[in-house]
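**Q** I'll drop the sequence and a predicted model, then ask my questions.
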Amino acid sequence: MARVALVNLPFQEDVAAVAQTSVGPPMGLAYLAAVLREAGHTVGVLDANAVRRSMGDVGRELLELKPDVVGTTAATPSITLADRLGQMVHRLFARPVPVVVGGPHGSALPEQTLEQFQGIDVVVIGEGESIAHRLVSHLAEGELPLRVPGVAFRRPERRKNRGAGPEIQVNPPAPPVQDLDRVPFPARDLLPNHRYRTIDAWPTTCMVAMRGCPAGCRYCNVPRLAGRSVRRRSPQNVVAEMTDVSARYRVRHFSFLDDTFTTSRTWVESLCQALMASGLAGDVTWSCLTRPDMVDYPLLSMMKQAGLTRVEFGIESGSPAVLEMLGKGARLDQIREAFAAARKVGLVTLGFAMINTPEETSQDIDMTRDEVLLIDPDFLQLSYCTPYPGTPIFDYCRDNGLLTTTDWDEYRFLRTPVIRHRQLSREQVMKRHKEIIRGFYLRPEKALRLARIALSSPGTAKSLAYTSYLAMRHILGS
Ligand code: B12
Ligand code: SF4
């Protein structure tokens with residue numbers, strides 16, 4: 001059996017900005033740790049992001065752990081950091097220690113990732129639970145994972161062409177786990193649980209109740225990463241995990257990471273009933289993310305009764321033309337109604353919107369500015385539309401000469417626009433971004449509302465005070 005170190009890279013400093021102030025557990029790595037441990041491997045998880053460790057610290061901890069295999073997860077803007085980790089691991093150990101990278105970037109571009117980043121030995125495409133044990137066993141024995149599905153790796157013994165690099169083998173995809181109840185609960189005992197917070201709750205933790213999304217938003221990686229058919233855990237299985245976690249770690253708030261929590265009304269109703277029957281509903285709170293066209297007042301009321309305190313929806317844009325371009329599939333009236341219903345029910349709301357979408361005009365940006373003020377969610381996360389590899393928007397931007405860079409470090413949606421705007425310069429786009437954020441947050445009624453939310457519980461006050469500090473630093477400083 002192998003010794004496996006799973007590293008959550010220290011990316012937070014780079015992504016921190018307004019409303020990007022939550023620090024959550026690396027759920028993918030925690031699930032893999034549980035599966036590998038169940039199979040008999042020795043696993044350590046180093047959440048360098050939450051405990052604010054530098055790459056140098058990570059190196060020192062790895063030397064102590066002496067792993068046979070190192071794994072990490074990477075979104076597009078952290079893929080170069082994953083490569084740095086790999087290069088460091090290759091230097092640190094005299095024996096070969098393979099470095100495996102999973103997550104959205106490698107899943108979208110497995111071959112290119114291996115060509116571009118020599119620190120990465122194996123890319124995992126899509127979900128890892130069904131193959132992790134086989135993969136690690138092969139690698140720890142010094143064998144290539146020739147017949148393990150869902151992975152890509154170099155074949156040093158085969159050359160692509162004379163003089164060119166080694167051939168890259170991309171294996172057929174691994175079938176996604178169908179019965180999610182059979183996956184063990186994430187190994188939270190290996191995580192620094194007290195470090196996790198969200199915008200309005202601390203301490204908190206995250207939950208994953210389902211995988212996949214039926215929608216087809218053109219800017220989103222999820223349908224390709226996890227499929228368009230939704231697989232759900234049973235409500236009983238979800239409640240069992242929440243009960244266990246709240247007893248063990250005294251966590252009082254759970255953030256569901258599921259992209260579209262309310263795709264099945266029946267499932268949500270059963271979950272709410274199970275939460276109420278278990279007594280958890282009065283004891284813990286939770287938040288979730290969903291589409292505005294998949295909720296209504298009665299459903300949100302029931303969710304509130306079962307402990308829901310915050311709901312997050314995509315607004316995306318105030319321009320119907322942009323919504324159409326993005327393939328959002330939700331209309332402005334539905335978006336407004338969803339926020340109004342959430343407010344009426346008494347929920348805290350967070351809205352996601354973006355500017356600098358392909359072919360967007362300056363007037364479209366005005367419409368988005370006006371729309372977010374009209375809808376007035378409690379929190380707003382305004383990003384630059386970012387074309388992540390593997391999405392239709394990426395292909396569109398590439399094919400129409402709208403990509404300003406393929407330096408993946410720049411693909412941070414709150415920080416840098418990477419789509420060429422046809423009317424505005426990059427500086428003008430960034431100025432518009434700042435204006436909208438300031439116009440939204442720097443209002444007396446907003447300050448009052450946030451103060452009221454802060455007073456709702458000590459955990460909320462603590463987290464919101466910190467969130468406000470970071471937000472103000474960002475709004476006023478940059
Ligand atoms: C939670 C989350 C975050 C959290 C991360 C918390 C943490 N500590 O890791 C925060 C808020 C910090 C975050 C930030 C960002 N995120 Co985010 N995030 C998500 C979200 C909603 C859920 C991720 C999750 O936990 N899923 C559940 C677990 C079980 O699945 P998983 O992580 O995919 O892991 C599985 C497989 O990928 C695989 N796997 C993954 N890693 C490994 C490693 C090994 C060794 C193996 C064998 C397998 C394996 O096996 C796992 C189990 O099946 C996803 C949407 C989604 N549905 O995936 C977006 C998503 C991943 N995020 C996205 C984006 C864009 C970002 C940001 C770039 C946004 C920004 N600020 O600019 C940053 C980048 C941060 C970074 N790493 O550099 C995009 C990724 C696009 C891309 N190509 O990069 C996604 C897909 C959302 C989307 N709609 O497109 N994010
Ligand atoms: S943005 Fe949300 S609703 Fe749209 S495809 Fe992605 S996960 Fe699904």
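**A** Perfect, thanks for sending it. Worth saying up front: this structure is predicted, and the values here are computed from it rather than measured. Ligands and ions are numbered 1, 2, ... in the order given.
**Q** quick one: which helix or strand includes residue 216?
**A** Residue 216 belongs to no helix or strand when assigned by DSSP states H and E.
**Q** so what pairs up with residue 152 in the strands?
**A** residue 123, residue 170 (DSSP bridges).
**Q** mind checking how far it is from ligand 2?
**A** For residue 152, the distance to ligand 2 (CB to the nearest ligand atom, to the nearest Å) stands at 24 Å. In short, each C-beta sits where N, CA and C put it, glycine included.
**Q** does that residue really touch residue 114, like I thought?
**A** Yes: between residue 152 and residue 114 there is a contact at 6.0 Å, judged by CB atoms under 8 Å.
**Q** the stretch 101-250 of the chain: helices as residue ranges?
**A** 104-108, 110-116, 132-140, 222-226, 235-249 (DSSP state H, counting those that start in this stretch).
**Q** tell me the pLDDT at residue 102?
**A** Looking at residue 102, its pLDDT reads 98.
**Q** identify the residues contacting it.
**A** The contact partners of residue 102, by CB atoms under 8 Å, 6 or more residues apart in numbering, come to 28, 32, 71, 72, 73, 74, 123, 124, 128.
**Q** near ligand 1 too, which of those?
**A** The subset of the contacts of residue 102 within reach of ligand 1, by CB under 6 Å from any ligand atom, is 28, 32, 71, 73, 124, 128.
**Q** let's see which of those residues end up in strands.
**A** 71, 73, 124 (DSSP state E).
**Q** which bits of the protein sit near ligand 2?
**A** By CB under 6 Å from any ligand atom, the residues of the chain that approach ligand 2 are 213, 215, 216, 217, 220, 222, 223, 259, 260, 291, 314.
**Q** of the residues you listed, the lowest pLDDT goes to which?
**A** Among the residues of the chain next to ligand 2, residue 223 has the lowest pLDDT, at 87.
**Q** correct me if wrong: that one contacts residue 230.
**A** No: between residue 223 and residue 230 there is no contact under CB under 8 Å: 10.4 Å.
**Q** between the two, which contacts overlap?
**A** Joint contacts of residue 223 and residue 230 (CB under 8 Å, 6+ apart) are 212, 213, 214.
**Q** so who does the residue nearest to residue 111 when sequence neighbours are not counted touch?
**A** Excluding the flanking residues, the one nearest residue 111 by CB to CB, 6 or more residues apart in numbering is residue 168, at 5.1 Å. Contacts for residue 168 (CB under 8 Å, 6+ apart) come out as 110, 111, 114, 115, 152, 153, 154, 155, 160.
**Q** can you redo those residues as TSV with pLDDT?
**A** Shown next, in TSV, are the contacts of residue 168 (pLDDT from 0 to 100):
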residue	pLDDT
110	98
111	97
114	98
115	97
152	98
153	98
154	97
155	95
160	72
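**Q** who wins for most neighbours among those?
**A** Among the contacts of residue 168, residue 153 has the most neighbours (other CB atoms under 10 Å), with 26 neighbours.
**Q** quick check: closest non-adjacent residue to that one.
**A** Closest to residue 153 by CB to CB, 6+ apart is residue 122, at 4.6 Å.
**Q** state the distance from that neighbour to residue 398.
**A** Using CB to CB, to the nearest Å, residue 122 is found at 27 Å from residue 398.
**Q** and for residue 115?
**A** Going from residue 115 to residue 398 by CB to CB gives 17 Å.
**Q** now do residue 89 against ligand 1, distance only.
**A** From residue 89 to ligand 1 the distance is 13 Å (CB to the nearest ligand atom).
**Q** correction: residue 352
**A** 10 Å.
**Q** one more: residue 383?
**A** 7 Å.
**Q** can you check residue 236 too?
**A** Counting by CB to the nearest ligand atom - residue 236 and ligand 1 are separated by 20 Å.
**Q** what helix or strand does the nearest residue to that residue once chain neighbours are set aside sit in?
**A** Distances taken as CB to CB, 6+ apart place residue 274 nearest to residue 236, at 5.9 Å, with adjacent residues excluded. Element membership for residue 274, per DSSP H and E: helix 265-278.
**Q** tell me how far that helix is from the chain's mean position?
**A** 25 Å (CA atoms, centre = their mean, to the nearest Å).
**Q** buried ones in that helix, by neighbour count?
**A** 267, 268, 269, 270, 271, 272, 274, 275, 276, 278 (16 or more other CB atoms under 10 Å).
**Q** now the last one: how far from residue 188?
**A** Spelled out, it's residue 278. Counting by CB to CB, the separation of residue 278 from residue 188 is 19 Å.
**Q** same check on the first one?
**A** The gap separating residue 267 from residue 188 is 24 Å, by CB to CB.
**Q** before we move on, what about the third one?
**A** Shown here: residue 269 relative to residue 188, a distance of 27 Å by CB to CB.
**Q** how about whichever residue of the stretch 251-400 of the chain sits closest to ligand 2: what's its closest non-neighbour residue?
**A** The stretch 251-400 of the chain approaches ligand 2 most closely through residue 259 (3.2 Å), counting by CB to the nearest ligand atom. Computed as CB to CB, 6+ apart, the closest residue to residue 259 that is not its neighbour in sequence is residue 213, at 4.8 Å.
**Q** what of residue 214?
**A** Spatial nearest neighbour of residue 214, excluding adjacent residues (CB to CB, 6+ apart): residue 228 at 5.3 Å.
**Q** can you check residue 276 too?
**A** Leaving aside its chain neighbours, residue 276 sits nearest to residue 306 (5.5 Å; criterion: CB to CB, 6+ apart).
**Q** roughly how far does the one you found sit from ligand 1?
**A** 22 Å.
**Q** what about that residue, how many residues nearby?
**A** Neighbours of residue 306 using other CB under 10 Å come to 22.
**Q** is it in contact with residue 279, as I believe?
**A** No: counting by CB under 8 Å, residue 306 does not reach residue 279; the two are 11.4 Å apart.
**Q** low-confidence regions, the stretch 301-450 of the chain specifically.
**A** Along the stretch 301-450 of the chain, no part satisfies pLDDT under 70.
**Q** wait, what's in contact with residue 340?
**A** So residue 340 contacts nothing (CB under 8 Å, 6+ apart).
**Q** ignore what I typed, I meant residue 440.
**A** 372, 373, 380, 382, 446.
**Q** list the contacts for the residue nearest to residue 153?
**A** If you count contacts by CB under 8 Å, 6+ apart, residue 122 has them with 98, 99, 100, 101, 135, 139, 145, 151, 152, 153.
**Q** tell me the buried residues within these.
**A** Buried, going by 16+ other CB under 10 Å: 98, 99, 100, 101, 135, 139, 145, 151, 152, 153, out of the contacts of residue 122.
**Q** check contacts around the second one.
**A** If I follow you right, that is residue 99. Residue 99 neighbours (CB under 8 Å, 6+ apart): 69-72, 82, 85-86, 89-90, 119-122.
**Q** just put the residues you listed in JSON lines and tack on distance to residue 359 and pLDDT.
**A** Formatted as JSON lines, the contacts of residue 99 follow (distance: CB to CB, whole Å; pLDDT from 0 to 100):
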{"residue": "69", "distance to residue 359": "45", "pLDDT": "98"}
{"residue": "70", "distance to residue 359": "42", "pLDDT": "98"}
{"residue": "71", "distance to residue 359": "39", "pLDDT": "98"}
{"residue": "72", "distance to residue 359": "36", "pLDDT": "98"}
{"residue": "82", "distance to residue 359": "33", "pLDDT": "98"}
{"residue": "85", "distance to residue 359": "38", "pLDDT": "98"}
{"residue": "86", "distance to residue 359": "38", "pLDDT": "98"}
{"residue": "89", "distance to residue 359": "43", "pLDDT": "98"}
{"residue": "90", "distance to residue 359": "44", "pLDDT": "98"}
{"residue": "119", "distance to residue 359": "37", "pLDDT": "98"}
{"residue": "120", "distance to residue 359": "35", "pLDDT": "98"}
{"residue": "121", "distance to residue 359": "40", "pLDDT": "98"}
{"residue": "122", "distance to residue 359": "38", "pLDDT": "98"}
